[in-house]
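**Q** One predicted model, sequence on top.
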Amino acid sequence: MTTDVNADTVDPVVENVRAALLAAGLPDTVVVVGDKVATAATAAAVLGCDVAAIANSLIFECAGEPLLILASGAAKVDVKLVAREHGLPKITRATPDFVLEHAGQPVGGVAPLGHPRPIRTFLDTELARHPVLWAGAGSHQAMLSISYADLARVTGAVPTAVR
């Protein structure tokens, strides 16, 4: 794994994620890598972990509001299942602008925390199988590591099956 910690390339969005980790009582586990890690497969390859240990932070739109689903990189989210299980109206893919507006972070780099306002969140129960999870940290080149229990705690996520 190649890390780039050049102070000249500090990203304020990534720094916000670092601050959110610290505010939640967690260590700063953010790493900035030399390669883009905008997909679970590329992140897993760069980090040297199983793609299933990547916690994708996927923003959807549900009745005009953001919905964050933290899903294993090996999962294809069944939004109909999630909606049915939680009594929600139709869940649709959010546009990149909607994601940026509500998460404050770009698609492909969305972190599970550090958003302008809290977002209703569901956590894929399959992720509990991994002692260490990796999630986006606010940019296409930043990732953070976290345990399933800490991820559930800091996001207030409801554990759920997503497929």
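**A** That came in fine, so what should we check first? Residues are numbered from 1 along each chain as shown.

**Q** Would you mind listing the buried residues in the helix ranked longest in the chain?
**A** Across the chain, the helix with the greatest residue count (assigned by DSSP state H) is helix 12-23. Within helix 12-23, the residues that count as buried by 16 or more other CB atoms under 10 Å are V13, V14, E15, N16, V17, R18, A20, L21. Any C-beta I mention is one placed from the backbone N, CA and C, and that applies to glycine too.

**Q** I'd like the distance from it to the chain centre, please.
**A** 13 Å (CA atoms, centre = their mean, to the nearest Å).

**Q** And stretch 40-59, by the same measure?
**A** 10 Å.

**Q** what pLDDT, on average, does the helix or strand following the longest helix of the chain get?
**A** Tracing the chain past helix 12-23, the next element assigned as helix or strand by DSSP states H and E is strand 31-32. Mean per-residue pLDDT for strand 31-32: 96.

**Q** helices or strands up against the next helix-or-strand element following strand 31-32?
**A** Downstream of strand 31-32, the next assigned helix or strand under DSSP H and E is helix 40-47. Contacting helix 40-47 under the criterion 3 or more CB pairs under 8 Å, 6 or more residues apart in numbering; DSSP states H and E are the following elements: strand 54-62, strand 133-136.
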